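A.B. asks: give the three-dimensional model of this entry:
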Amino acid sequence: MKELSEHLGLSQTTVSRALNGFPEVGEATRQRVLEAAEQFQYRPNASARKLATGRAGAIGIVFSAERNMLLDPIFTDFLAGVASQCSLADNDVLVSSAHGDEAGTYRRLARIRSVDAVVLSSPTVDDPRIALLQRLGMPLVVHGRCLTNLPYAHLDIDNEAAFFQATTLLLDLGHRSIGLINESLNYTFAMHRSEGWRKALGERGLPAPPELECSARMTEENGYRLARNLFDLPTPPTALLCSSIFAALGAMRAARDTGRIIGKDLSIIAHDDGLDAIRPETLTPPLTTTFSSIHAAGMRVAEIAMAVTSGADPATLTEIWPVDLVFRGSTVPPVS
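C.D. replies: As a prediction, this is how the structure comes out:
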């Protein structure tokens, strides 16, 4: 730092503030410092920077070891988005696995201040983590929402509107028996999707039979099992809504195993998180989806987290993204 300041003819304080993004440093000076730092391959000492700025330069994400999210492609794509955006701001991502006592992990992070903010994912309807982190004085941003009166920063998609729109599409095509393969209703996004399904049916004067709504962790195997259960009903559904493209893959396999032709005997709509590994347009038939990029959500959540650490009011950092409905060959009118 001393050598860099002498080379530029600036004080060490000015150089430090320029490197750490303090607003009182002019843009021309900031660019001059950054260019010199890059030219001479200057890298700040992390411990010294933490002492000088009071920041760890890291965002934290904690998940339960019992629900290993690193095996979930949707979560890992979200995490990749967070890491991508953090790297642009010279921040790190600290991922921790909590064995049994997730609250204890948050208390440890707050005590040692190894992260500047925490990202919460997959919030439950009445998620206790928000109140806990606020009591600990730990900044946070939630990917999703929960039912609380506490102000907190969050980014969510409009799950209710997405599944209302998807159900309405099927109703417009003539379907009257529409099954819902969902995640556990303990999760807010699943509750909202259920509400969208129910609302669309109710507006047409149709019931939402409990036997047509099923839930489990969104895996291909669970999608297969739940679809088979629906197909075994005395009056099976003519259309399915799936909360995940993985559950939809299982449902499509179940349809084939029971002699159903998707796009003829059965219609399917799934939620697509925009994963590179699975392209719904390449399936047979191409899959109609509600679409919102989970990677883009991760990038935006990281931006919000860094804004919170910089002192922005969390109550002003709330976003609900609309969801696209992409019509493809897996949705057709029911067989007469």
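A.B. asks: give the contact list for residue 25.
C.D. replies: For residue 25, the contacting residues are 14, 17-18, 33, by CB atoms under 8 Å, 6 or more residues apart in numbering. Any C-beta I mention is one placed from the backbone N, CA and C, and that applies to glycine too.
A.B. asks: farthest-apart pair in those, please.
C.D. replies: Distance extremes for these: the farthest pair is 17 and 33 at 9.0 Å, using CB to CB.
A.B. asks: and the closest residue in space to residue 171 that isn't next to it in sequence, how far is that from residue 90?
C.D. replies: Nearest residue to residue 171, sequence neighbours excluded (CB to CB, 6 or more residues apart in numbering): residue 204, at 5.5 Å. If you measure residue 204 against residue 90 using CB to CB, to the nearest Å, the figure is 53 Å.
A.B. asks: with residue 71 instead?
C.D. replies: Separation of residue 71 from residue 90 (CB to CB) stands at 29 Å.
A.B. asks: those two: which has the busier surroundings?
C.D. replies: residue 90 (13 against 9; other CB atoms under 10 Å).
A.B. asks: so residue 25 sits in a strand?
C.D. replies: No. Applying DSSP: H, G, I helix; E, B strand; the rest coil, one finds residue 25 to be coil, outside a strand.
A.B. asks: shift numbering so it begins at 3
C.D. replies: Will do, 3 is the new start, and the previous item becomes residue 27.
A.B. asks: how near is it to residue 17?
C.D. replies: Counting by CB to CB - residue 27 and residue 17 are separated by 9 Å.
A.B. asks: what does residue 166 give?
C.D. replies: Separation of residue 166 from residue 17 (CB to CB) stands at 54 Å.
A.B. asks: these two: which has the busier surroundings?
C.D. replies: The neighbour comparison of residue 166 against residue 17 (other CB under 10 Å) goes to residue 17, with 24 against 21.
A.B. asks: what strand or helix carries that one?
C.D. replies: Element membership for residue 17, per DSSP states H and E: helix 14-21.
A.B. asks: can you give me every residue that contacts residue 224?
C.D. replies: Contacts of residue 224 (CB under 8 Å, 6+ apart): 218, 249, 252.
A.B. asks: the last one contacts residue 219, correct?
C.D. replies: If I follow you right, that is residue 252. No. Residue 252 lies out of contact with residue 219 (CB atoms under 8 Å); the separation is 11.5 Å.
A.B. asks: so the two - more neighbours on which side?
C.D. replies: More neighbours surround residue 252 than the other of residue 252 and residue 219, with 23 against 13 (other CB under 10 Å).
A.B. asks: could you say which helix or strand contains that one?
C.D. replies: Using DSSP H and E, residue 252 maps to helix 247-259.
A.B. asks: and that helix, what's buried?
C.D. replies: Buried residues in helix 247-259, defined by neighbour count with 16 or more other CB atoms under 10 Å: 247-257.
A.B. asks: ok, so of the residues you listed, who is nearest residue 287?
C.D. replies: residue 254 (9.5 Å).
A.B. asks: give me every residue that touches the closest one.
C.D. replies: Residue 254 touches 264, 270, 285, counting by CB under 8 Å, 6+ apart.
A.B. asks: am I right that the second one is in a helix?
C.D. replies: This means residue 270. No. Assessed with three-state DSSP, residue 270 is strand; it does not lie in a helix.
A.B. asks: could you report the neighbour count for it?
C.D. replies: Burial measure for residue 270: 27 neighbouring residues, criterion other CB under 10 Å.
A.B. asks: pull the contacting residues for it.
C.D. replies: Applying CB under 8 Å, 6+ apart, the residues near residue 270 are 241-242, 244, 250, 253-254, 257, 264, 289-290, 332-333.
A.B. asks: do you know how far it is from residue 149?
C.D. replies: Per CB to CB, residue 270 is found 30 Å from residue 149.
A.B. asks: next one: the last one
C.D. replies: For residue 285, the distance to residue 149 (CB to CB) stands at 35 Å.
A.B. asks: and what of residue 171?
C.D. replies: Counting by CB to CB, the gap from residue 171 to residue 149 is 28 Å.
A.B. asks: helix or strand for residue 62, which one?
C.D. replies: Per DSSP H and E: strand 60-66 holds residue 62.
A.B. asks: actually residue 131, not the one I wrote
C.D. replies: Assigned by DSSP H and E, residue 131 belongs to helix 130-137.
A.B. asks: neighbouring strands - and their directions - for whatever helix or strand comes next after that helix?
C.D. replies: Sequence order places strand 142-145 as the next helix or strand after helix 130-137, per DSSP H and E. If you go by DSSP bridges, strand 142-145 pairs up with strand 119-123 (parallel), strand 155-159 (parallel).
A.B. asks: just how off-centre is strand 142-145 within its chain?
C.D. replies: 10 Å (CA atoms, centre = their mean, to the nearest Å).
A.B. asks: quick check: mean pLDDT across it?
C.D. replies: The pLDDT scores in strand 142-145 average 97.
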